[in-house]
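# Model the following, please.
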Amino acid sequence: AMLIEIKSRMLLPPKKVADGEEAEDPRAELVRRLLEYEQTKLQAAALSATPTYGRDFWKAQVYIEQSLKPRFPDVDVVELRD
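Down below sits the predicted model:
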């Protein structure tokens, strides 16, 4: 739709503008939008290049068997005093 609008503006005679000013080019908006799209694509590619959890790396899962034996024996305060 935008290309048809640009083509129709190009076929119409240019609008009269004040002295010293240039007539607006109907292609300028399309060029601006294409440059903006290109910048967005470049930023998306840079973002995609960063390492992502689950895609590029994972958490290491290590099984550690815990001893069932308590580290310290059950001791009463009275036993410690002796």
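
# hang on, Pro73 is in a strand, isn't it?
No. According to DSSP: H, G, I helix; E, B strand; the rest coil, Pro73 belongs to no strand; its state is coil.

# For it, give its distance to Gln66.
Distance of Pro73 to Gln66, computed by C-beta to C-beta, to the nearest Å: 17 Å. For the C-beta atoms, the positions are set from N, CA and C on the backbone; glycine is no exception.

# What of Ala1?
Counting by C-beta to C-beta, the separation of Ala1 from Gln66 is 67 Å.

# Would you map the helices across this protein?
Ranges of helices within the chain are 2-11, 27-49, 77-81, based on DSSP state H.

# Turn those into CSV, including mean pLDDT, mean neighbour count and distance to Val62.
Formatted as CSV, the helices of the chain follow (pLDDT from 0 to 100; neighbours: other C-beta atoms under 10 Å; distance: least, C-beta to C-beta, whole Å):
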stretch, mean pLDDT, mean neighbour count, distance to Val62
helix 2-11, 82, 11, 57
helix 27-49, 93, 10, 29
helix 77-81, 83, 7, 37
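
# Please report the number of neighbouring residues for Phe72.
When neighbours are defined as other C-beta atoms under 10 Å, Phe72 has 5 of them.

# For Ile64, see how far away it is.
Distance from Phe72 to Ile64, by C-beta to C-beta: 20 Å.

# Could you do Thr50 as well?
31 Å.

# try Pro26
For Pro26, the distance to Ile64 equals 69 Å [C-beta to C-beta].

# swap in Glu29?
From Glu29 over to Ile64 the distance is 62 Å, taken as C-beta to C-beta.

# hmm, back to that, of all the helices of the chain, which lies closest to Lys59?
Across the helices of the chain, Lys59 has its closest neighbour in helix 27-49 (21.3 Å, C-beta to C-beta).

# Show me what that closest one is packed up against.
Here helix 27-49 touches helix 2-11, going by 3 or more C-beta pairs under 8 Å, 6 or more residues apart in numbering; DSSP states H and E.

# Distance from the chain centre to the helix it packs on, please.
34 Å (C-alpha atoms, centre = their mean, to the nearest Å).

# Using PDB, write out every CA atom in that helix.
Taking Å, rounded to 0.1, in the frame of the first residue of the first chain, the C-alpha atoms of helix 2-11 are listed here in PDB:
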ATOM      1  CA  MET A   2       2.800   2.400   0.800                       C
ATOM      2  CA  LEU A   3       4.600   1.700  -2.500                       C
ATOM      3  CA  ILE A   4       1.400   2.500  -4.400                       C
ATOM      4  CA  GLU A   5       1.000   5.700  -2.500                       C
ATOM      5  CA  ILE A   6       4.600   6.700  -3.300                       C
ATOM      6  CA  LYS A   7       4.100   5.900  -6.900                       C
ATOM      7  CA  SER A   8       0.900   8.000  -7.100                       C
ATOM      8  CA  ARG A   9       2.700  10.900  -5.400                       C
ATOM      9  CA  MET A  10       5.600  10.600  -7.900                       C
ATOM     10  CA  LEU A  11       3.100  10.800 -10.800                       C
END
